[in-house]
Structures are given as C-alpha cells and as structure tokens.
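[1] need the 3D shape of this:
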Amino acid sequence: MGKAQKYVLLGDATYPLQDWILKPYQEDENLTQRQLQFNYRLKRAHSVIENAFLRLKARWQILLKCDDCSLELLPTLVLACCILHNVCEAHDNPFNEEWLEGTEPSELPKPCQPAPAAMEDNRAEQVRELMCQYFESCGEG
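    From the prediction side, this is the model:
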C-alpha cells in the first residue's frame with residue numbers, strides 16, 4: 001500500500017475508530033461501492049475470527065471459564081491453548097466437530113451504542129482509507 005502499517009484489531013460499529021481498531025463505515029445510502037466492499041470484507045474477516053475462537057473454546061473448554069482466572073493470566077492461557085491446538089493439528093489429532101455441541105458463541109458484554117465521535121482518532125481514517133484502497137486493488141472476493 002506504499003505505507004508501513006502496524007497490526008490492527010477488527011471491531012464493529014460500536015467501537016471507536018482508532019489507528020489500531022478497524023471498524024466498518026457507518027451504513028447509510030451515501031456509502032461508495034468501495035466503502036461497501038470494505039464493510040463486506042471486514043465482516044467476513046470478523047466471522048472467520050469468531051469461528052476460530054469458537055473452535056478453540058470447544059477444544060479447550062477452560063477458555064469457557066476464563067472468569068475464574070486473573071486478567072494477567074488470560075493472554076498466557078489463550079496463547080497456550082493456541083499452541084496446544086496447533087500441536088494437536090500437526091500430529092493428526094484433528095478437531096472433533098462434536099465438541100462444538102456444548103459450546104455456544106458466548107454473549108460477552110460489549111457496547112451496544114456507537115462510541116462518541118470524540119473518542120475517534122482522526123489518523124485512523126487514513127488507515128481505514130488505505131485498507132479500503134488495498135481491498136479495491138485485490139479485486140472481488
């Protein structure tokens with residue numbers, strides 16, 4: 001894209017736009033085709049991430065009870081589960097679809113109202129615009 005970018009998290013419309021949180025454009029009739037494509041791709045990526053965490057929680061059900069551990073331990077616990085999951089996959093211990101039966105996508109509390117505009121970072125729009133250009137250059141998909 002011609003500019004070095006750091007990693008970003010994907011958020012939904014309720015999160016403030018930051019240079020490290022990508023969120024979709026607000027849905028209205030004024031969105032360009034490019035902005036609609038960006039929203040679509042962001043939604044698809046978000047869905048992939050949700051499914052990956054659902055499978056991770058199904059294999060390692062300790063992740064369903066993370067409220068039992070300290071916040072300082074949580075990143076290490078998630079990382080350990082990711083590593084163990086990859087070890088299992090590498091040694092032909094595949095994911096069992098039956099594990100999903102007891103695991104529902106958790107309804108974690110999250111904001112239900114859009115973040116105030118004052119929380120948004122003006123530089124973040126440049127990052128979103130760069131990603132928008134990148135998605136456009138990749139073609140349909």
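
[2] contacts for stretch 22-30 next, please.
    By CB atoms under 8 Å, 6 or more residues apart in numbering, the surrounding residues in contact with stretch 22-30 are 8-13, 15-17, 31, 35, 38-39, 42-43, 114, 127-128, 131. To be clear about C-beta, it is placed using only N, CA and C from the backbone, and glycine gets the same treatment.

[3] so of these, which ones are in strands?
    Using DSSP state E, the subset of these located in strands is 9-10.

[4] so, low pLDDT: which residues of the chain?
    Residue ranges of the chain with pLDDT under 70: 1-3, 66-68, 102-113, 116, 139-141.

[5] can you give me the strands in it?
    Counting by DSSP E, one finds strands in the chain at the ranges 9-10, 21-22.

[6] adjacent strands (with direction) for the first one?
    Meaning strand 9-10. Under the criterion DSSP bridges, strand 9-10 sits next to strand 21-22 (parallel) in its sheet.

[7] chain center to the strand it pairs with, what's the gap?
    In terms of CA atoms, centre = their mean, to the nearest Å, the centre of strand 21-22 is found 9 Å from the chain centre.

[8] nearest to residue 85, out of the strands of the chain?
    Residue 85 lies closest, by CB to CB, to one member of the strands of the chain: strand 9-10, at 20.6 Å.

[9] which residues are in contact with that closest one?
    Here strand 9-10 makes contact (CB under 8 Å, 6+ apart) with 20-23, 42, 45-46, 49.

[10] buried residues in the top helix by length along the chain?
    Longest helix in the chain, counting residues (DSSP state H): helix 33-59. For helix 33-59, a neighbour-count test (16 or more other CB atoms under 10 Å) marks 35, 37-39, 41-42, 55-59 as buried.

[11] quick one: residue 30 from residue 96, how far?
    For residue 30, the distance to residue 96 equals 47 Å [CB to CB, to the nearest Å].
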